[in-house]
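> structure of the sequence below:
(4 chains)
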2 protein chains.
Amino acid sequence: MSELRQPAPANDRETATHRDDKLELRLWLRLLTCSNLIEQNVRGALRLQFDTTLPRFDLLAQLDRAPDGLTMSELSARMMVSNGNITGLADRLVEEGLVKRTPSQRDRRSSHISLTPAGKKAFDAMTPVHESWVDRMMAGLSRQDMQQLFQLLGKLKQSVHQNAVDADQGEKK
Amino acid sequence: MSELRQPAPANDRETATHRDDKLELRLWLRLLTCSNLIEQNVRGALRLQFDTTLPRFDLLAQLDRAPDGLTMSELSARMMVSNGNITGLADRLVEEGLVKRTPSQRDRRSSHISLTPAGKKAFDAMTPVHESWVDRMMAGLSRQDMQQLFQLLGKLKQSVHQNAVDADQGEKK
DNA sequence: CGATATTATTTTAAGTATAAAATAAATTCC
DNA sequence: GGAATTTATTTTATACTTAAAATAATATCG
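Have a look, this model is predicted:
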């Protein structure tokens, strides 16, 4: 019903949508707008302040949370990107000396990727700053807003998982 | 095994986050997860059913909403991608015959991009199916959930705009 | 008018991303 | 044990994406 008007012109994808479009579609477009907006801010700030990229930071963050390292497949699943993508990304980070590969003893197909001391150090320098950017961008939301949003997004996540459009859907031989 | 099996362990980025992390960060990661999840579903479905890509579909959708066509800059702003990106994307769609360029009379630097009849036809075939995918993915949310989520994301969007990290921030000559 | 700045777009170089095929190692199942 | 399958990863080809530099046209201002 009563819709909050934006203060800025904001000529983006979802603002251009007609107001009587389907709610689901408008919601998806707004979600995408928010995601892109934050992502681009973080990307730009990472470049300016640390001369690095979001995928690299993301990979380091995954490894920081997994002190024993991760396999390529685990990284691929957590970062939600293709496995081939991880190969190249990891290669670049190995070259930069921030990450190392350790061949697995139990399975000669796979290797564990983990932070080098330099990688740990670099990540530790970036993460509090990164966190402050995110805090700042969300400063307009109350604690309660954030909790509610978090909860609703949890519901959405579950819904998407359950109603996925792709591949192994519907058919089960 | 029961039909009501849980939809996979979900070993993604934000599930791996510790539960006592900052709320802002968890919110951002969950937002990103939702966005990626939907995006990847749509991308895969577009390829399977229409042999096209999300950026192409997105560009066609922008043009469909703007019957008089758009300039490269307008497309860039609405799609939230770099201007150089639009150049290549539009080139490919022109080659496919879905889009045409008309040099602007008033400004020899710019051209208007618009749908060809073939482009309009292709888009009209895709959009209801696309909408049904989105509806389906959000089927787990009630009408009220969606309205609330939409409203909270509006607040978030505004907050990010107001507290942007990048470029012309803080300094103002 | 003419210098300077701004705006619209393209080009360039490098990085990121995907899907699909290829490779190779482990697992399963006669 | 060995064939067939599955799993982990890399390679390939192509598309997408960005930032920054280049180009070119328009606008501004003294």
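
> so where's chain A uncertain?
Counting by pLDDT under 70, the ranges of chain A that qualify are A:1-21, A:166-173.

> so which residues on it come close to DNA strand C?
Counting by C-beta under 7 Å from any atom of the strand, chain A comes close to DNA strand C at A:53-56, A:80-85, A:88-89, A:92, A:106-109. For glycine as for every other residue, the C-beta is placed from the backbone atoms N, C-alpha and C.

> how close does the residue nearest to A:Phe57 when sequence neighbours are not counted sit to B:Ser114?
In space, A:Phe57 comes closest to A:Leu46 once its chain neighbours are excluded; the distance is 5.7 Å by C-beta to C-beta, 6 or more residues apart in numbering or on different chains. Separation of A:Leu46 from B:Ser114 (C-beta to C-beta, to the nearest Å) stands at 37 Å.

> now A:Gln151
Applying C-beta to C-beta, the value for A:Gln151 to B:Ser114 is 43 Å.

> one more: A:Pro67?
Taken as C-beta to C-beta, the span from A:Pro67 to B:Ser114 is 54 Å.

> same question, A:Arg43
On the measure of C-beta to C-beta, A:Arg43 and B:Ser114 end up 31 Å apart.

> tally of neighbours for A:Asn143?
In this structure residue A:143 is Arg, not Asn. 8 (other C-beta atoms under 10 Å in any protein chain shown).

> now swap in A:Thr33 and tell me
22.

> try A:Gly97
Residues near A:Gly97, counting by other C-beta under 10 Å, number 12.

> could you do A:Arg56 as well?
Residue neighbour count, defined by other C-beta under 10 Å, stands at 21 for A:Arg56.

> which strand or helix spans it?
Here A:Arg56 sits within helix A:54-65, counting by DSSP states H and E.

> A:Gln151 and B:Ser114: who's more crowded?
More crowded of A:Gln151 and B:Ser114, by other C-beta under 10 Å: B:Ser114, with 18 against 14.

> what segments of chain A are strands?
A:70-71, A:99-103, A:111-115 (DSSP state E).

> and the first one, what does it pack against?
For strand A:70-71, the contact count by 3 or more C-beta pairs under 8 Å, 6 or more residues apart in numbering or on different chains; DSSP states H and E identifies strand A:111-115 as packing neighbours.

> hmm, back to that, save the strands of chain A as TSV, and put in distance to A:Leu31 too.
As requested, the strands of chain A are exported to TSV (distance: least, C-beta to C-beta, whole Å):
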stretch	distance to A:Leu31
strand A:70-71	28
strand A:99-103	31
strand A:111-115	31
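
> all helices for chain A, in order.
A:23-50, A:54-65, A:72-79, A:83-96, A:117-137, A:143-162 (DSSP state H).

> turn these into a markdown table, including distance to B:His161.
Below are the helices of chain A laid out as a markdown table (distance: least, C-beta to C-beta, whole Å):
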| stretch | distance to B:His161 |
| --- | --- |
| helix A:23-50 | 7 |
| helix A:54-65 | 20 |
| helix A:72-79 | 27 |
| helix A:83-96 | 30 |
| helix A:117-137 | 9 |
| helix A:143-162 | 16 |
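
> tell me which of these sits nearest to B:Lys157.
helix A:23-50 (5.3 Å; C-beta to C-beta).

> tell me the buried residues in that closest one?
A:23-46 (16 or more other C-beta atoms under 10 Å in any protein chain shown).

> related to what we said a few turns ago, and the residue nearest to A:Phe57, how far from B:Asp68?
According to C-beta to C-beta, A:Leu46 stands 38 Å off from B:Asp68.

> kindly report the same for A:Glu74.
49 Å.

> more neighbours: which of those two?
Taking A:Glu74 and B:Asp68 together and counting by other C-beta under 10 Å, A:Glu74 has the greater number of neighbours (18 against 7).

> so what touches the helix holding A:Arg56?
Residues outside helix A:54-65 that contact it (C-beta atoms under 8 Å, 6 or more residues apart in numbering or on different chains) are A:39, A:42-43, A:46, A:50, A:69-70, A:75, A:78-79, A:81, A:86, A:89-90, A:92-93, A:98-99, A:113-115, A:119-120, A:122-123, A:126-127, A:130, B:13, B:16-18.

> let's see 7 Å
Outside of helix A:54-65, the residues within contact range by C-beta atoms under 7 Å, 6 or more residues apart in numbering or on different chains are A:39, A:42-43, A:46, A:69-70, A:75, A:78-79, A:89, A:93, A:98-99, A:113-115, A:119, A:123, A:126, B:16.

> so which bits of it are buried?
Buried positions in helix A:54-65, judged by neighbour count with 16+ other C-beta under 10 Å: A:Leu54, A:Pro55, A:Arg56, A:Phe57, A:Asp58, A:Leu59, A:Leu60, A:Ala61, A:Gln62, A:Leu63.

> how about stretch A:103-119?
Burial within stretch A:103-119, assessed by neighbour count using 16+ other C-beta under 10 Å, is assigned to A:Ser111, A:His112, A:Ile113, A:Ser114, A:Leu115, A:Thr116, A:Gly119.

> anything in that stretch near chain B?
No. With C-beta under 7 Å from any C-beta of the partner chain as the criterion, chain B is not reached by stretch A:103-119; the gap is at least 14.7 Å.
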